[in-house]
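Engineer: here is my input; please provide its structure:
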Amino acid sequence: MATDPKDNTTLQLLHFTLQMADNALINGHRLSEWCGHGPVLEQDIALSNIALDHIGQARSLYQYAASICNGINSENRQHLFASTSLNQKISKGEMIDEDDLAYLRDAWDFRNVLLVEQPNTDWAFTVARSFYFDSFNFLFLSVLQNSSDSTIAAIAEKSLKEVNYHLRWSSEWIIRLGDGTTESHQRIQDALNDRWCFTGELFQATDADVAMNAQGVGVDISMIKQQWLEQIQSVLNEATLSLPTGVWMQEGGKQTRHSEHLGYLLAEMQFMQRAYPHMQW
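Structural biologist: Just a heads-up that it's a prediction; the model follows:
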């Protein structure tokens, strides 16, 4: 039986929205792990606030994704996800919400890039991960705020104000560590080199990226890669650091193939909801 083009467009919009939501949630959770463990109190608070920004963005995107999902006919909704817990709820004809998408999906349903799920390791690795992603996110949202989808455009416009601060924060720490002591310089350079292989996936277009760009909803991510490289290079020059030279890149997160780190992250993040389903305060 032929696929209805309208249904396919809706599915691609759902996947596109989940890509952004999953990036925000997983990145926010990783940053939240520094709460109470930051190097100084000021930065502990700063990272906690940045984590909340990302989780707030994720919530808005999951709300929209849930509304898209609930608008799909019941038969097709049962084939959207592989996670048993979520499918059980859908099979009963129940509507799903933002919490279901965050807490009832398993790793093989998440569409975040591999970069954001990598462990914190130490302060330098966290800064490097944030710098790479913040630089991309700022450019991505700058274009996305002009989306033909009014909901996505509004979320992007609101999020951009927060991401502007995120990029300034991570850029300043790159410079502080790079142009600091011999040890801090080496630590941040090592972290940048190590995380570099995860940056290529940021610019790999999925079917959802291509479809939404064609509809005027998304972003042609290939068009912002050069800007991203120039932005990265500018900060690294000021930090007296070198742009990593590796050309081999990790991939798979956008296609729901993840590193083992995501499974451990979700086991911790989703524990309460899985242990006590439908709990309320």
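Engineer: going by C-alpha atoms from here, please, whenever you check contacts or count neighbours.
Structural biologist: OK.
Engineer: residues near Gln273, how many?
Structural biologist: Gln273 has 15 neighbouring residues, counting by other CA atoms under 10 Å.
Engineer: that one touches Tyr103, doesn't it?
Structural biologist: Yes - counting by CA atoms under 8 Å, Tyr103 is a contact partner of Gln273 at 6.6 Å.
Engineer: for Phe131, what are its contacts?
Structural biologist: Applying CA atoms under 8 Å, 6 or more residues apart in numbering, we find Phe131 in contact with Leu167, Ser170, Ser171, Ile174.
Engineer: tell me the most packed of the residues you listed, by neighbour count.
Structural biologist: Top of the contacts of Phe131 by neighbour number is Ile174, holding 28 neighbours under the definition other CA under 10 Å.
Engineer: that residue and Leu236 touch, don't they?
Structural biologist: Yes - counting by CA under 8 Å, Ile174 touches Leu236, with 7.4 Å between them.
Engineer: please enumerate the helices of the stretch 101-250 of the chain.
Structural biologist: With helices called from DSSP state H, counting those that start in this stretch, the stretch 101-250 of the chain shows them at 114-117, 123-144, 150-178, 182-195, 207-214, 225-238.
Engineer: hmm, back to that, any shared contact partners between Ile174 and Leu236?
Structural biologist: Between them, Ile174 and Leu236 share no contacting residue, judged by CA under 8 Å, 6+ apart.
Engineer: run through the stretch 1-150 of the chain and note the low-pLDDT ranges.
Structural biologist: 1-6 (pLDDT under 70).
Engineer: how about a cut-off of 80?
Structural biologist: 1-7, 38, 74 (pLDDT under 80).
Engineer: could you give the mean pLDDT of stretch 188-202?
Structural biologist: Averaged across stretch 188-202, pLDDT comes to 97.
Engineer: buried ones in that stretch?
Structural biologist: 188-193, 195-202 (16 or more other CA atoms under 10 Å).
Engineer: can I get these in JSON lines with distance to Ile68?
Structural biologist: Converted to JSON lines, the buried residues of stretch 188-202 look like this (distance: CA to CA, whole Å):
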{"residue": "Ile188", "distance to Ile68": "41"}
{"residue": "Gln189", "distance to Ile68": "42"}
{"residue": "Asp190", "distance to Ile68": "42"}
{"residue": "Ala191", "distance to Ile68": "39"}
{"residue": "Leu192", "distance to Ile68": "37"}
{"residue": "Asn193", "distance to Ile68": "39"}
{"residue": "Arg195", "distance to Ile68": "34"}
{"residue": "Trp196", "distance to Ile68": "34"}
{"residue": "Cys197", "distance to Ile68": "33"}
{"residue": "Phe198", "distance to Ile68": "30"}
{"residue": "Thr199", "distance to Ile68": "29"}
{"residue": "Gly200", "distance to Ile68": "29"}
{"residue": "Glu201", "distance to Ile68": "26"}
{"residue": "Leu202", "distance to Ile68": "24"}
